[in-house]
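Colleague: give me the fold of what follows.
(2 chains)
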Protein chains: 2
Amino acid sequence: MEKRNTVFIAKSLDGFIADRNGGLEWLEAVPNPEHKDMGYGQLMANTDAILMGRVTFETVCNFDCDWPYTKPVFVLSKTLSEVPKAYIGKVELVNGELKDIIESLNQKGFNRLYIDGGSTIQSFLKEDLIDELILTTFPILLGGGAPLFSSLPKELEFEHVSSKLHLNQLVQDHYKRKR
Amino acid sequence: MEKRNTVFIAKSLDGFIADRNGGLEWLEAVPNPEHKDMGYGQLMANTDAILMGRVTFETVCNFDCDWPYTKPVFVLSKTLSEVPKAYIGKVELVNGELKDIIESLNQKGFNRLYIDGGSTIQSFLKEDLIDELILTTFPILLGGGAPLFSSLPKELEFEHVSSKLHLNQLVQDHYKRKR
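Modeller: This is a model prediction of the structure:
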């Protein structure tokens, strides 16, 4: 069974995933009247489980919508000791070394993981645990905010797989780690 | 006559234009046996003059090759008081407010400017003086180095013009400032 850890995320031209106030309004600057999902649905259909950071989890909890995930969600947290009541059965907490967490998920049959959240993605990259990057670039320079990438102990080479243009403005690039 | 200030530059996936040692070896990680220029020649043919920072100028001076420019080159510097002997007739020094420098170049008929050098590009962006960005992304995370972008006083929206794939690995995106 194919194992892979995939990032699928929107970023500004200058590499931010949220603006200085943590806001995502800039994602709405490009009109999307038909609510195109830019391949998110297809990715989810080929995902066994979602592994996200606590901050992303709490952000999703605060979205004014129903629980958006149809796949098991694991929340990486050093600080949460239990799942908030409303989310029992929806998410499971995980903690520890990333490699061990991945191995444990793989052993349970969760092989194709969707990795979400800025600092979670950064931690995975620091340990060279990301196999695929699917980056959708919005044509805006935010000039500050939460960066997608951070410092790395070594350079990581990727291979370009494909590029797509969505909504005539968003360039979505698919990269695979060169191993 | 069309006036525009254009950036044409290579960057890593994580937005660096040079690695931690100022090196550019990573640009050679993607084989380019036929020395394709990725549109640089065409851009130069439609450029009236080059405006670059002092650091970039000194970098080019140290390249082991003949002077590579066929258009007038203006070097932005607060510290150089005169053009080094070997480059008299090849470059001219400029200094002062960016807007004044551009206006003065425009008045001399240099309307289509190629803006080069990390900190020069950043200064131009801070004053919203860049009209076009042509960014060629190499599929590598450097994890540190000289960043292409820096903080901005305000968000800058661009429009996607076109994307090209070069050498099967390099995504080149062309953006225009939305004004």
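Colleague: show me where chain A has strands.
Modeller: Along chain A, the segments classed as strands by DSSP state E run A:4-12, A:16-18, A:49-53, A:73-76, A:91-94, A:112-116, A:132-138, A:140-141, A:146-147, A:156-166, A:170-177.
Colleague: for B:T6, find the nearest of the ones you listed.
Modeller: Distance to B:T6, taken as C-beta to C-beta, is lowest for strand A:140-141 among the strands of chain A, at 15.4 Å. Using the backbone N, CA and C atoms, a C-beta is placed for each residue, glycine as well.
Colleague: can you give the distance of that closest one from its chain's centre?
Modeller: Centre-to-centre, strand A:140-141 and its host chain are 20 Å apart (C-alpha atoms, centre = their mean, to the nearest Å).
Colleague: tell me the strands beside that strand, with direction?
Modeller: strand B:156-166 (antiparallel) (DSSP bridges).
Colleague: what does the strand it pairs with contact?
Modeller: A:13, A:29, A:139-141, A:143, A:160, A:163, A:165, A:168-171, B:36, B:38-39, B:125, B:128, B:133, B:136, B:171-178 (C-beta atoms under 8 Å, 6 or more residues apart in numbering or on different chains).
Colleague: circling back to that earlier point, same list (the strands of chain A) but as JSON lines, adding mean neighbour count and mean pLDDT.
Modeller: Formatted as JSON lines, the strands of chain A follow (neighbours: other C-beta atoms under 10 Å in any protein chain shown; pLDDT from 0 to 100):
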{"stretch": "strand A:4-12", "mean neighbour count": "20", "mean pLDDT": "98"}
{"stretch": "strand A:16-18", "mean neighbour count": "23", "mean pLDDT": "97"}
{"stretch": "strand A:49-53", "mean neighbour count": "22", "mean pLDDT": "97"}
{"stretch": "strand A:73-76", "mean neighbour count": "22", "mean pLDDT": "98"}
{"stretch": "strand A:91-94", "mean neighbour count": "17", "mean pLDDT": "97"}
{"stretch": "strand A:112-116", "mean neighbour count": "23", "mean pLDDT": "98"}
{"stretch": "strand A:132-138", "mean neighbour count": "22", "mean pLDDT": "98"}
{"stretch": "strand A:140-141", "mean neighbour count": "24", "mean pLDDT": "98"}
{"stretch": "strand A:146-147", "mean neighbour count": "18", "mean pLDDT": "97"}
{"stretch": "strand A:156-166", "mean neighbour count": "16", "mean pLDDT": "98"}
{"stretch": "strand A:170-177", "mean neighbour count": "20", "mean pLDDT": "98"}
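Colleague: of all those strands, which one is nearest B:Y87?
Modeller: strand A:140-141 (32.7 Å).
Colleague: now do the contacts for A:T6.
Modeller: Contacts of A:T6 (C-beta under 8 Å, 6+ apart): A:L43, A:T47, A:R112, A:L113, A:Y114, A:I115, A:I130, A:D131, A:E132, A:L133, A:I134.
Colleague: out of the residues you listed, which touch chain B?
Modeller: A:L133 (C-beta under 8 Å from any C-beta of the partner chain).
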